[in-house]
Every structure is written in C-alpha cells, then in structure tokens.
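Asks: with the sequence up front, the predicted model follows.
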Amino acid sequence: MFCLLLVIAFFLRIYKISTFSLWTDEFHTLMYISNFSFEQLNITGQTHPPLYFFLLNSWTYIFGISSFALRFPSVIFSILGLTYLYKFTKNLWNSKTGLIVVCLTTFSNYLINYAQEVKMYSMLWSLCLMSLYYFYKLIKDGHSAYWKYILFTTLALYTHFFALIIIVSQGLFVLIFKIKSFSKIKKWLKIYITIMIFSFGALLKIFLATLFSREMISYIPNFNLNAIIKTIILFSGNYIRLEPVTLNLISYIFLFLMVIGLTSFKSLKKQIFDKNSLFVFYFLIIPFIISILISIVISNYYSFVTIRYVGFMIFPFLMLVGKGISKIKYNWLITIIICLFLFINSLIPYYSNELKINGEDWKQAILELKYHQQEEPIFIFDSTVQTTIKYYAPEIYKNTFLFKEYNNLNQKPNSFWIIARQVDKYSYKATEPIFSQLTEEFEFRKIGVIATKYKS
C-alpha cells in the first residue's frame, strides 16, 4: 500500500512539471547556479546557504537546464520526505496512521506545488523532517541516532537558515522536558556544539549577510492575522489569492480532526492528551510562535509566517489530522473522501494553471512578445528578466536592455517594448516621470506578466 502511494505521489509531482512556466524566483536560482563556484561563498551580501545550489549545479551539469531537469531534484526530495513521514508516523503510532498521513500528503497541492519548483524548499522541509525524526529517536533510544541527527540537522542548515527555527524548537524541548541531570546537559551540549562546528564556521558570513540585509526581506509582506489564516487554508489543501481571506469548510474539518488527533479520552482519570500527539503538536506550534516573534520583534513586522518559510509545519499538521482520522470509525472511507475532495477541489484547478501558488506565465508572454516584436528594443526593470528572455527566446535577447539605460540613449527609439511582472510595471509607472511622455500603442497580459508597446 505504501509503495502504491509513493508511485501515485511521484506521478502527481511529475505530471505537467514542464508545462508551467518558470517564474521569477526560479530564474534567480538559474542565474545563481549558472555562475556557481565556492568562491561565491566569500562574496559579501550572499544571503543563501550553498547546499541546494551546489547540488543543482552538479545536477544540471549532467542533465541540462530544461524545466524538467531543473525541477526534478525537488520531486526527489518531496518523495524522500514522504518516506520519512511514513517511518516517523509509524514509529509514533502505527502503520495505519502512517498510511493515512501519506495519503493526505500525496494529494496536497501545497506540497506538489513546491515539488515542482526550482527552489530549495522541498529539500529544506524534507531535511527538517528527517532531523525531527532522528531527534525523536535520539530522545527515545539514547545514542542510536546521534550522528544521523547531527548529519541531517547540519544539512538542513546548509540548505536554508529557517532550519535554525526547528533547531531552536528542538533545543527548547530538551531544556523543558528532557534535562534532569548534568550528564544529560553535557550530552546535548556536545550535540549542538558539533552542529555549530560543522555549520557556522562555513555559514557565519552568509548568516550575517542575511541577518542585516534589508533587500533580503524587502519583498516579504508585513505580518498580520491573514498570514496565519492563509497558512491553515494552504495546509488544508486549498489556495486563496483574494483579500480578505477566511477559513472554509475543509479548513474547519482539518482543524477539528487535528483536535481529535491530540486527544486520548480513554478515561477521565487518565491523561486527556496523547503523549506522542503532544510531541507532534509542539513542533507545529512552537516554530509558528518563533516565526511570529521574529516577524514582530526582529524584522519590524515583516512576516516570516509566509507560505514557503513555514512549509515544514505542514508535516506535523497533517500527522495530527491523520491521527484524528485513524480514531474515527470508517477511517479509510473518510480518508478516500477527503483525498477525492482534494483532487477535485485543488489538484484539477492546479494542473489547469488556475491555482499555481507563484503563477507567472513568462513562457507564453515571451513567445507572444517574440511574435509581435519587430526589431524594436525591449526594456526591462530587472536583470532577471534578461535571463528569462534568453531562456525562452534567445533570438530576441540581443535587443533587451535595462530600463535605467533609456535616459542615457543619445537617440531615443520611436517605439519600444517593456515586459515585466505586473506589480513591477505599475510601481515603476507610478514613480518614473518618463511614462507621462509616452503613448501606449499595444498591450497584452499573461498570468502575472504584462508586455506593453510604447511610442515616444
């Protein structure tokens, strides 16, 4: 049964993987790995740990830079995460609950979306899950998982600094619940000092650059209650773009099932909550609280409760939902109904390119621009778009220039094109006085992208 679910999960993650256009952040990744070298790690201002980029650089050296090749490593890590999710849930409770949880994650359009992206998040979440699995083994079995915990925790740190939030949560758990003698303090100190030795010697400069980079967080929205509501909606297999957002029926059902998963209720004289469920709940709620505190206290209300940073918490969330389903009569029937609902309500629209979380249809926009453009220059606001044009239509790349070069031209073109993300075009148009002297001759839009022909 588990192998069948893995096959289904793999199919859902590679289905139409090349159909969706690469979007801006994916092109940032492509730009980075195209010039990747270990010397880059010493460049001031570099704000990402190198492991994902090193692996992707090595991968593309062998398999090329087609959208399928670029996105396939994320699929591999997504399937690896499902494997550890089953092992973890089986260790906590039983194999039936493990299978129910894997069913829910198999049909999660949230996890499928990030399994089809050229970003490090699928890898990060899987490594954080593996770190948590071996953390659980370590506190249960003593030294049997010692080096595995250190290994996967260190690898998670080398993937993204959000792993620090998971490590801090684990450290707090040890301090609150597990340290009862000085010998145990020494054991955990050795573990975390070893992780620091392996990690921060190499990552300290990058970490400091990230910590003090305003550009790094300038694109992150301000923190508000909607950030939490959106996260619950996404974790429940839905997606919403509109404001304001409200919880819908399936979100309430998932929250209700999570509460059932937390409870024991064998006897009023015994504990109300299941111990292992509380362990899982801790690693759902504490990273959330730390993310909120970072958003409010450290980052001047920039929200670190964003859909990509808190993605790891979908695993404990669905583990508790799966545990809740396993306690109900006809649990397999309920699981099948929920999975069918997720497939119809989320995955069919997702594959129709209606609900892609980061939808920007650069592929169709550039191909249409290629059709309409007649040797006119193309101006862009962001150098990433040059990589985008070079990727999808290299033959018109030679006519592409940064918009800041427009005012320096000795002879202004009679007509030219501007192609940009819709949000970028509107922000530039509102601040650049030159636009008041131009006439819009023709315009077309694709998802998240707008191309306009101007006459001067």
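Replies: Good, I have the coordinates.
Asks: quick check: domain ranges of this structure?
Replies: 2-351, 362-455 (automatic domain parsing).
Asks: now mean pLDDT and mean neighbour count too, for the ones you listed, in CSV please.
Replies: Every C-beta, even on glycine, is put in place using the N, C-alpha and C of the backbone. Listed next are those as CSV, based on pLDDT from 0 to 100; neighbours: other C-beta atoms under 10 Å:
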stretch, mean pLDDT, mean neighbour count
domain 2-351, 83, 18
domain 362-455, 84, 16
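Asks: quick one: the strands in the chain?
Replies: Ranges of strands in the chain, per DSSP state E, are 378-380, 400-402, 415-421, 439-446, 449-455.
Asks: and the first one, what does it pack onto?
Replies: Contacting strand 378-380 under the criterion 3 or more C-beta pairs under 8 Å, 6 or more residues apart in numbering; DSSP states H and E are the following elements: helix 383-392, strand 400-402, strand 415-421.
Asks: make TSV out of the ones you listed and add distance to Ala156.
Replies: Formatted as TSV, these follow (distance: least, C-beta to C-beta, whole Å):
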stretch	distance to Ala156
helix 383-392	27
strand 400-402	37
strand 415-421	31
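Asks: which of the ones you listed sits closest to Thr335?
Replies: strand 415-421 (39.6 Å; C-beta to C-beta).
Asks: pretty sure Lys178 contacts Lys184?
Replies: Yes. Counting by C-beta atoms under 8 Å, Lys184 is a contact partner of Lys178 at 6.6 Å.
Asks: and the residue positioned nearest the centre of the chain, what is it in contact with?
Replies: In the chain, the residue lying closest to the centroid (C-alpha atoms, centre = their mean) is Arg308, at 3.3 Å. Going by C-beta atoms under 8 Å, 6 or more residues apart in numbering, Arg308 touches Tyr114, Lys119, Tyr121.
Asks: if I pick the second one, what's in contact with it?
Replies: With contact set as C-beta under 8 Å, 6+ apart, Lys119 has these partners: Asp25, Glu26, Thr29, Ser74, Arg308.
Asks: that older thread, for Ile233, find the nearest of the strands of the chain.
Replies: Nearest of the strands of the chain to Ile233, taken as C-beta to C-beta: strand 415-421 at 23.9 Å.
Asks: give me the residues contacting that closest one.
Replies: Applying C-beta under 8 Å, 6+ apart, the contact partners of strand 415-421 are 24, 360, 365-366, 369, 373, 376-382, 385, 389, 403, 425, 428, 441, 448-456.
Asks: if you set the cut-off to 6 Å instead, what comes out?
Replies: Strand 415-421 has contacts (C-beta atoms under 6 Å, 6 or more residues apart in numbering) with 369, 373, 376-379, 381, 448, 451-455.
Asks: between those, which sits nearest Phe341?
Replies: Nearest to Phe341 among the contacts of strand 415-421, with distances taken as C-beta to C-beta, is Gly448, at 27.7 Å.
Asks: any idea how far the closest one is from Ile348?
Replies: Look at Gly448 and Ile348: by C-beta to C-beta, to the nearest Å, they are 21 Å apart.
Asks: all helices of the stretch 301-450 of the chain, in order?
Replies: 314-326, 331-342, 348-351, 362-372, 383-392, 422-431 (DSSP state H, counting those that start in this stretch).
Asks: how far off centre is the first one?
Replies: Right, the one you point to is helix 314-326. Offset of helix 314-326 from its chain centre (C-alpha atoms, centre = their mean, to the nearest Å): 20 Å.
Asks: helices and strands around it, which ones?
Replies: helix 95-106, helix 249-262, helix 275-293, helix 331-342 (3 or more C-beta pairs under 6 Å, 6 or more residues apart in numbering; DSSP states H and E).
Asks: what's the longest one in contact with?
Replies: Going back to what we said before, that points to helix 275-293. Taking C-beta under 6 Å, 6+ apart as the rule, helix 275-293 contacts 92, 165, 169, 261-262, 304-305, 310, 313, 316-317, 319-320, 323.
Asks: 8 Å instead, please
Replies: So helix 275-293 is contacted by 92-93, 132, 136, 165-166, 168-169, 172-173, 223, 228, 261-263, 304-305, 309-310, 312-313, 316-317, 319-320, 323 (C-beta under 8 Å, 6+ apart).
Asks: circling back to that earlier point, would you turn the contacts of strand 415-421 into CSV with distance to Ile328?
Replies: Formatted as CSV, the contacts of strand 415-421 follow (distance: C-beta to C-beta, whole Å):
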residue, distance to Ile328
Leu369, 54
Gln373, 59
Glu376, 63
Pro377, 64
Ile378, 58
Phe379, 59
Phe381, 53
Gly448, 41
Ala451, 52
Thr452, 55
Lys453, 59
Tyr454, 61
Lys455, 66
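Asks: now the two most distant members of the residues you listed.
Replies: The widest separation within the contacts of strand 415-421 (C-beta to C-beta) is 25.5 Å, between Gly448 and Lys455.
Asks: just to revisit the earlier point, save the strands of the chain as JSON lines, and put in distance to Ser108 too.
Replies: Formatted as JSON lines, the strands of the chain follow (distance: least, C-beta to C-beta, whole Å):
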{"stretch": "strand 378-380", "distance to Ser108": "35"}
{"stretch": "strand 400-402", "distance to Ser108": "38"}
{"stretch": "strand 415-421", "distance to Ser108": "27"}
{"stretch": "strand 439-446", "distance to Ser108": "27"}
{"stretch": "strand 449-455", "distance to Ser108": "27"}
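Asks: between those strands, which one is nearest to Leu85?
Replies: strand 415-421 (34.6 Å).
Asks: so what are the sheet partners of that closest one and their directions?
Replies: strand 378-380 (parallel), strand 449-455 (antiparallel) (DSSP bridges).
Asks: and the ones you listed as JSON lines, adding distance to Tyr158?
Replies: JSON lines is the format used below for the strands paired with strand 415-421 (distance: least, C-beta to C-beta, whole Å):
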{"stretch": "strand 378-380", "distance to Tyr158": "33"}
{"stretch": "strand 449-455", "distance to Tyr158": "33"}
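Asks: what's the closest of those to Asn109?
Replies: strand 449-455 (22.2 Å).
Asks: need the contact partners of the closest one.
Replies: Here strand 449-455 makes contact (C-beta under 8 Å, 6+ apart) with 360-362, 365, 368-369, 372, 376, 414-422, 425, 438-445.
Asks: can you state the direction angle for it and helix 422-431?
Replies: 40 degrees (axes from the mean of the first three to the mean of the last three C-alpha atoms, to 10 degrees).
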